[in-house]
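Novice: give me a model of this one.
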Amino acid sequence: MKTKSVVIIAPSNDVHAIAVAQSINKKTKTKCYIWDTGSKCNERNLTYKNGLYILDIDGQRLTNEDIGSIWWRRPRNVTIPSVVVDPQAKRHIIESHSSLMNAFLHSMEDRTINSVAASYRTDDKALQLLIAESCGLTVPETVISNNFEEIYSFSTMHDQIVMKPLTLTWGCFPEARIIDEKHISNHRQEIELAPTIYQQAILPAIDYRVTVVGEEIFTVEIKKNNIMAQNYVDWRIDSSSECIRSQLPLELEEKILLFMKKLGLYYGAIDIRATSTDYYFLEINTAGQYLWVEVDTALPISSSMGELLLNTAG
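Specialist: Numbering: from 1, shown residues only. Just a heads-up that it's a prediction; the model follows:
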(Lines give C-alpha, C1' and ligand atoms only; values in the text may rest on other atoms or scores of the structure.)
Protein backbone atom coordinates (compact mmCIF):
# COMPACT_ATOMS: atom_id res chain seq x y z
CA MET A 1 0.00 0.00 0.00
CA LYS A 2 1.36 3.41 -1.00
CA THR A 3 2.33 5.68 1.90
CA LYS A 4 0.29 8.86 1.89
CA SER A 5 1.91 12.27 2.15
CA VAL A 6 1.44 15.11 4.63
CA VAL A 7 0.93 18.67 3.39
CA ILE A 8 1.47 21.78 5.52
CA ILE A 9 -0.11 24.93 4.11
CA ALA A 10 2.21 27.74 5.20
CA PRO A 11 4.81 30.19 3.87
CA SER A 12 7.99 28.38 2.84
CA ASN A 13 9.92 30.17 5.60
CA ASP A 14 7.41 29.47 8.39
CA VAL A 15 9.54 28.08 11.23
CA HIS A 16 6.67 26.06 12.73
CA ALA A 17 5.96 24.37 9.41
CA ILE A 18 9.67 23.66 8.92
CA ALA A 19 10.03 22.20 12.43
CA VAL A 20 7.05 19.85 12.01
CA ALA A 21 8.07 18.82 8.47
CA GLN A 22 11.56 17.97 9.69
CA SER A 23 10.09 15.97 12.58
CA ILE A 24 7.96 13.93 10.16
CA ASN A 25 10.65 13.43 7.53
CA LYS A 26 13.17 12.25 10.13
CA LYS A 27 10.80 9.77 11.76
CA THR A 28 9.22 7.93 8.86
CA LYS A 29 9.24 7.35 5.13
CA THR A 30 6.18 9.60 4.89
CA LYS A 31 6.96 12.67 2.83
CA CYS A 32 5.90 16.02 4.24
CA TYR A 33 5.51 18.97 1.89
CA ILE A 34 5.20 22.67 2.74
CA TRP A 35 2.78 24.32 0.32
CA ASP A 36 3.10 28.11 0.14
CA THR A 37 -0.24 29.34 -1.20
CA GLY A 38 1.10 32.90 -1.42
CA SER A 39 3.03 32.14 -4.61
CA LYS A 40 2.44 33.87 -7.94
CA CYS A 41 -0.78 33.09 -9.82
CA ASN A 42 0.91 30.89 -12.40
CA GLU A 43 2.84 29.04 -9.69
CA ARG A 44 -0.11 28.09 -7.49
CA ASN A 45 -1.04 24.94 -9.34
CA LEU A 46 -4.25 23.45 -7.98
CA THR A 47 -6.55 21.68 -10.42
CA TYR A 48 -9.91 19.95 -10.18
CA LYS A 49 -10.30 17.29 -12.88
CA ASN A 50 -12.91 14.54 -13.09
CA GLY A 51 -13.38 14.14 -9.36
CA LEU A 52 -9.72 14.56 -8.39
CA TYR A 53 -7.84 17.52 -6.98
CA ILE A 54 -4.29 17.76 -8.31
CA LEU A 55 -1.52 19.75 -6.62
CA ASP A 56 1.95 20.54 -7.90
CA ILE A 57 4.29 21.18 -4.96
CA ASP A 58 8.03 21.54 -5.48
CA GLY A 59 7.76 19.72 -8.78
CA GLN A 60 5.85 16.84 -7.20
CA ARG A 61 2.37 15.99 -8.51
CA LEU A 62 -0.06 14.96 -5.77
CA THR A 63 -3.76 14.18 -5.90
CA ASN A 64 -6.15 14.26 -2.98
CA GLU A 65 -5.84 10.45 -2.91
CA ASP A 66 -2.09 10.80 -2.26
CA ILE A 67 -2.58 13.11 0.73
CA GLY A 68 -3.23 11.58 4.12
CA SER A 69 -3.40 14.75 6.20
CA ILE A 70 -3.11 18.53 5.97
CA TRP A 71 -2.08 21.13 8.54
CA TRP A 72 -3.82 24.37 7.60
CA ARG A 73 -1.11 26.29 9.38
CA ARG A 74 -0.89 29.72 7.80
CA PRO A 75 -2.52 30.14 4.38
CA ARG A 76 -1.87 33.20 2.25
CA ASN A 77 -3.66 34.77 -0.67
CA VAL A 78 -2.07 34.29 -4.08
CA THR A 79 0.39 36.99 -5.20
CA ILE A 80 -1.06 39.07 -8.02
CA PRO A 81 1.26 40.32 -10.79
CA SER A 82 1.98 44.05 -10.75
CA VAL A 83 0.57 44.39 -14.27
CA VAL A 84 -2.90 43.75 -12.84
CA VAL A 85 -4.01 47.14 -11.50
CA ASP A 86 -7.81 47.04 -11.73
CA PRO A 87 -9.28 46.48 -8.20
CA GLN A 88 -12.13 44.35 -9.52
CA ALA A 89 -9.71 42.16 -11.46
CA LYS A 90 -7.55 41.72 -8.35
CA ARG A 91 -10.58 40.76 -6.30
CA HIS A 92 -11.73 38.33 -8.99
CA ILE A 93 -8.31 36.63 -9.09
CA ILE A 94 -8.10 36.26 -5.30
CA GLU A 95 -11.70 35.05 -4.94
CA SER A 96 -11.30 32.52 -7.78
CA HIS A 97 -8.17 31.03 -6.23
CA SER A 98 -9.80 31.04 -2.79
CA SER A 99 -12.93 29.32 -4.12
CA LEU A 100 -10.96 26.43 -5.60
CA MET A 101 -8.74 26.19 -2.52
CA ASN A 102 -11.71 26.13 -0.14
CA ALA A 103 -13.45 23.48 -2.23
CA PHE A 104 -10.32 21.33 -2.03
CA LEU A 105 -9.99 21.83 1.73
CA HIS A 106 -13.67 21.11 2.36
CA SER A 107 -13.27 17.83 0.46
CA MET A 108 -10.37 17.01 2.81
CA GLU A 109 -12.12 18.20 5.97
CA ASP A 110 -11.72 14.94 7.89
CA ARG A 111 -7.99 14.98 7.14
CA THR A 112 -7.30 18.66 7.87
CA ILE A 113 -5.99 20.16 11.12
CA ASN A 114 -7.91 22.33 11.75
CA SER A 115 -10.68 22.16 9.17
CA VAL A 116 -11.54 25.39 7.37
CA ALA A 117 -15.07 25.32 8.81
CA ALA A 118 -13.84 24.85 12.40
CA SER A 119 -11.14 27.51 12.02
CA TYR A 120 -13.50 30.13 10.61
CA ARG A 121 -16.11 29.35 13.24
CA THR A 122 -13.55 29.71 16.03
CA ASP A 123 -12.43 33.10 14.71
CA ASP A 124 -15.65 34.39 16.28
CA LYS A 125 -14.43 35.55 19.70
CA ALA A 126 -17.96 35.83 21.10
CA LEU A 127 -18.67 32.22 20.13
CA GLN A 128 -15.41 31.16 21.81
CA LEU A 129 -16.58 32.65 25.10
CA LEU A 130 -20.06 31.15 24.77
CA ILE A 131 -18.71 27.64 24.10
CA ALA A 132 -16.10 27.99 26.85
CA GLU A 133 -18.79 28.79 29.41
CA SER A 134 -20.92 25.88 28.21
CA CYS A 135 -17.95 23.59 28.92
CA GLY A 136 -17.62 24.84 32.48
CA LEU A 137 -14.66 27.16 31.88
CA THR A 138 -14.67 30.44 33.78
CA VAL A 139 -14.80 33.51 31.55
CA PRO A 140 -14.27 37.13 32.65
CA GLU A 141 -17.37 39.33 32.69
CA THR A 142 -17.54 40.56 29.10
CA VAL A 143 -19.23 43.07 26.82
CA ILE A 144 -18.61 43.04 23.06
CA SER A 145 -20.23 46.05 21.47
CA ASN A 146 -19.96 49.54 20.00
CA ASN A 147 -22.97 50.69 22.03
CA PHE A 148 -21.58 53.47 24.19
CA GLU A 149 -24.26 53.24 26.89
CA GLU A 150 -23.72 49.50 27.36
CA ILE A 151 -19.95 49.87 27.47
CA TYR A 152 -20.00 52.85 29.81
CA SER A 153 -22.43 51.08 32.16
CA PHE A 154 -20.11 48.06 32.17
CA SER A 155 -17.10 50.25 32.99
CA THR A 156 -18.84 51.73 36.04
CA MET A 157 -19.14 48.23 37.52
CA HIS A 158 -15.35 47.67 37.52
CA ASP A 159 -12.39 49.75 38.69
CA GLN A 160 -10.47 48.65 35.61
CA ILE A 161 -11.43 46.83 32.43
CA VAL A 162 -9.43 45.31 29.59
CA MET A 163 -10.05 46.48 26.04
CA LYS A 164 -8.91 44.41 23.05
CA PRO A 165 -9.84 44.25 19.36
CA LEU A 166 -12.50 41.85 18.17
CA THR A 167 -10.66 41.05 14.93
CA LEU A 168 -7.01 40.92 13.93
CA THR A 169 -5.63 44.09 12.38
CA TRP A 170 -2.91 43.17 9.90
CA GLY A 171 0.25 45.26 10.00
CA CYS A 172 -0.05 46.40 13.61
CA PHE A 173 0.23 44.97 17.11
CA PRO A 174 -3.26 44.97 18.67
CA GLU A 175 -2.35 44.53 22.31
CA ALA A 176 -4.86 44.24 25.14
CA ARG A 177 -4.80 47.30 27.38
CA ILE A 178 -6.29 48.37 30.70
CA ILE A 179 -8.70 51.29 30.66
CA ASP A 180 -11.25 52.77 33.06
CA GLU A 181 -14.51 54.68 33.16
CA LYS A 182 -12.76 57.98 32.42
CA HIS A 183 -11.20 56.58 29.25
CA ILE A 184 -14.61 55.40 28.06
CA SER A 185 -16.13 58.84 28.71
CA ASN A 186 -13.38 60.59 26.74
CA HIS A 187 -13.51 58.35 23.66
CA ARG A 188 -17.19 57.99 22.79
CA GLN A 189 -16.72 58.79 19.09
CA GLU A 190 -14.02 56.14 18.61
CA ILE A 191 -15.88 53.54 20.71
CA GLU A 192 -19.00 53.82 18.57
CA LEU A 193 -17.10 53.06 15.35
CA ALA A 194 -16.72 49.29 15.76
CA PRO A 195 -17.55 46.46 18.19
CA THR A 196 -14.67 45.84 20.59
CA ILE A 197 -14.10 43.41 23.47
CA TYR A 198 -14.35 44.82 27.01
CA GLN A 199 -13.68 42.51 29.95
CA GLN A 200 -13.20 42.76 33.67
CA ALA A 201 -9.50 43.03 34.47
CA ILE A 202 -8.22 39.85 36.14
CA LEU A 203 -5.63 41.29 38.55
CA PRO A 204 -3.32 40.23 40.07
CA ALA A 205 -2.91 37.05 38.06
CA ILE A 206 -0.57 34.49 36.53
CA ASP A 207 -0.57 34.08 32.75
CA TYR A 208 -0.57 30.63 31.18
CA ARG A 209 -0.12 29.59 27.56
CA VAL A 210 -1.82 26.28 26.87
CA THR A 211 -1.03 24.51 23.58
CA VAL A 212 -3.39 21.68 22.69
CA VAL A 213 -2.37 19.06 20.10
CA GLY A 214 -4.96 16.33 19.72
CA GLU A 215 -5.43 14.93 23.24
CA GLU A 216 -2.13 16.34 24.54
CA ILE A 217 -1.96 19.54 26.57
CA PHE A 218 1.28 21.50 26.97
CA THR A 219 1.09 24.21 29.63
CA VAL A 220 3.59 26.91 30.51
CA GLU A 221 3.54 29.83 32.88
CA ILE A 222 4.61 33.14 31.34
CA LYS A 223 7.18 34.91 33.50
CA LYS A 224 7.64 38.60 32.79
CA ASN A 225 11.24 39.77 33.21
CA ASN A 226 10.94 43.39 32.15
CA ILE A 227 9.99 45.55 35.15
CA MET A 228 8.14 48.02 32.92
CA ALA A 229 6.03 45.19 31.47
CA GLN A 230 4.72 44.29 34.93
CA ASN A 231 2.21 47.13 34.57
CA TYR A 232 0.76 45.75 31.33
CA VAL A 233 -1.92 43.08 31.15
CA ASP A 234 -0.66 41.78 27.79
CA TRP A 235 2.45 39.65 28.42
CA ARG A 236 3.43 39.91 24.74
CA ILE A 237 4.63 43.44 25.48
CA ASP A 238 7.63 41.91 27.26
CA SER A 239 9.96 40.49 24.62
CA SER A 240 12.19 39.15 27.41
CA SER A 241 9.43 37.05 29.00
CA GLU A 242 10.15 33.35 29.43
CA CYS A 243 8.15 30.16 29.68
CA ILE A 244 8.23 27.80 32.65
CA ARG A 245 6.74 24.30 32.45
CA SER A 246 3.52 24.01 34.38
CA GLN A 247 0.47 21.81 34.82
CA LEU A 248 -3.22 22.62 34.97
CA PRO A 249 -5.64 20.81 37.30
CA LEU A 250 -6.98 17.64 35.67
CA GLU A 251 -10.56 18.88 35.86
CA LEU A 252 -9.59 22.03 33.96
CA GLU A 253 -7.76 20.01 31.29
CA GLU A 254 -10.87 17.88 30.77
CA LYS A 255 -12.95 21.04 30.25
CA ILE A 256 -10.41 22.31 27.72
CA LEU A 257 -10.54 19.07 25.74
CA LEU A 258 -14.35 19.24 25.76
CA PHE A 259 -14.10 22.84 24.52
CA MET A 260 -11.83 21.74 21.66
CA LYS A 261 -14.20 18.92 20.75
CA LYS A 262 -17.25 21.20 20.66
CA LEU A 263 -15.45 23.54 18.26
CA GLY A 264 -14.12 20.68 16.16
CA LEU A 265 -10.49 21.63 16.82
CA TYR A 266 -7.40 19.43 17.01
CA TYR A 267 -4.89 22.22 17.55
CA GLY A 268 -5.04 25.54 19.37
CA ALA A 269 -3.09 27.93 21.58
CA ILE A 270 -5.13 29.09 24.58
CA ASP A 271 -4.49 32.05 26.87
CA ILE A 272 -5.52 31.63 30.49
CA ARG A 273 -5.15 33.95 33.52
CA ALA A 274 -5.24 32.51 37.01
CA THR A 275 -5.92 34.15 40.33
CA SER A 276 -5.63 32.53 43.73
CA THR A 277 -9.20 31.25 43.36
CA ASP A 278 -9.86 30.49 39.68
CA TYR A 279 -8.57 30.03 36.14
CA TYR A 280 -10.04 32.37 33.50
CA PHE A 281 -10.30 31.43 29.84
CA LEU A 282 -9.41 34.42 27.64
CA GLU A 283 -9.22 33.14 24.06
CA ILE A 284 -7.93 30.49 21.67
CA ASN A 285 -5.91 31.01 18.50
CA THR A 286 -6.26 28.16 15.99
CA ALA A 287 -2.99 29.17 14.30
CA GLY A 288 -1.20 30.31 17.44
CA GLN A 289 2.59 30.13 17.56
CA TYR A 290 4.29 27.75 19.98
CA LEU A 291 7.92 27.39 18.90
CA TRP A 292 9.08 29.96 21.46
CA VAL A 293 7.50 27.75 24.13
CA GLU A 294 9.36 24.74 22.78
CA VAL A 295 12.66 26.62 22.76
CA ASP A 296 12.28 27.74 26.39
CA THR A 297 11.01 24.45 27.81
CA ALA A 298 11.96 21.64 25.40
CA LEU A 299 8.33 20.52 25.39
CA PRO A 300 7.94 18.24 22.32
CA ILE A 301 5.15 20.19 20.64
CA SER A 302 6.49 19.92 17.07
CA SER A 303 6.96 16.19 17.52
CA SER A 304 3.42 15.87 18.88
CA MET A 305 2.00 17.79 15.90
CA GLY A 306 3.97 15.55 13.57
CA GLU A 307 2.53 12.45 15.26
CA LEU A 308 -0.99 13.87 15.02
CA LEU A 309 -0.59 14.47 11.28
CA LEU A 310 0.89 11.00 10.76
CA ASN A 311 -1.91 9.33 12.74
CA THR A 312 -4.50 11.29 10.75
CA ALA A 313 -2.81 10.16 7.54
CA GLY A 314 -3.06 6.56 8.73
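Novice: just the strands in the stretch 201-314 of the chain please.
Specialist: Applying DSSP state E, counting those that start in this stretch to the stretch 201-314 of the chain gives strands spanning 206-213, 216-223, 242-246, 267-274, 279-285.
Novice: which one of these lies nearest to Q160?
Specialist: Q160 sits nearest to strand 267-274 of all these, at 13.6 Å, using CB to CB. To be clear about C-beta, it is placed using only N, CA and C from the backbone, and glycine gets the same treatment.
Novice: for Y198, give me its contacts.
Specialist: For Y198, the contacting residues are 142-145, 151, 154-155, 161-163, by CB atoms under 8 Å, 6 or more residues apart in numbering.
Novice: which one of these sits closest to S107?
Specialist: The shortest approach to S107 among the contacts of Y198 belongs to I144, at 33.9 Å (CB to CB).
Novice: one step back: as JSON lines, the contacts of Y198 with distance to D36, pLDDT and secondary structure would be great.
Specialist: Shown next, in JSON lines, are the contacts of Y198 (distance: CB to CB, whole Å; pLDDT from 0 to 100; DSSP: H, G, I helix; E, B strand; the rest coil):
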{"residue": "T142", "distance to D36": "37", "pLDDT": "97", "secondary structure": "strand"}
{"residue": "V143", "distance to D36": "40", "pLDDT": "97", "secondary structure": "strand"}
{"residue": "I144", "distance to D36": "34", "pLDDT": "97", "secondary structure": "strand"}
{"residue": "S145", "distance to D36": "38", "pLDDT": "98", "secondary structure": "strand"}
{"residue": "I151", "distance to D36": "41", "pLDDT": "97", "secondary structure": "helix"}
{"residue": "F154", "distance to D36": "43", "pLDDT": "96", "secondary structure": "helix"}
{"residue": "S155", "distance to D36": "45", "pLDDT": "95", "secondary structure": "helix"}
{"residue": "I161", "distance to D36": "41", "pLDDT": "93", "secondary structure": "strand"}
{"residue": "V162", "distance to D36": "36", "pLDDT": "93", "secondary structure": "strand"}
{"residue": "M163", "distance to D36": "35", "pLDDT": "92", "secondary structure": "strand"}
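Novice: what's the helix ranked longest in the chain packed up against?
Specialist: Ranked by residue count and defined by DSSP state H, the top helix of the chain is helix 87-107. Applying 3 or more CB pairs under 8 Å, 6 or more residues apart in numbering; DSSP states H and E, one finds that helix 87-107 contacts strand 46-49, helix 116-122.
Novice: mean pLDDT per helix and strand in this structure: which one sits at the bottom?
Specialist: Least confident helix or strand, the chain: strand 177-179 with a mean of 85, by mean pLDDT, DSSP states H and E.
Novice: so, low pLDDT: which residues of the chain?
Specialist: Within the chain, the ranges that satisfy pLDDT under 70 run 1, 169-174, 224-240.
Novice: give the pairing partners of the least confident helix or strand of the chain; include direction for each.
Specialist: Here strand 177-179 has these sheet partners by DSSP bridges: strand 161-165 (antiparallel).
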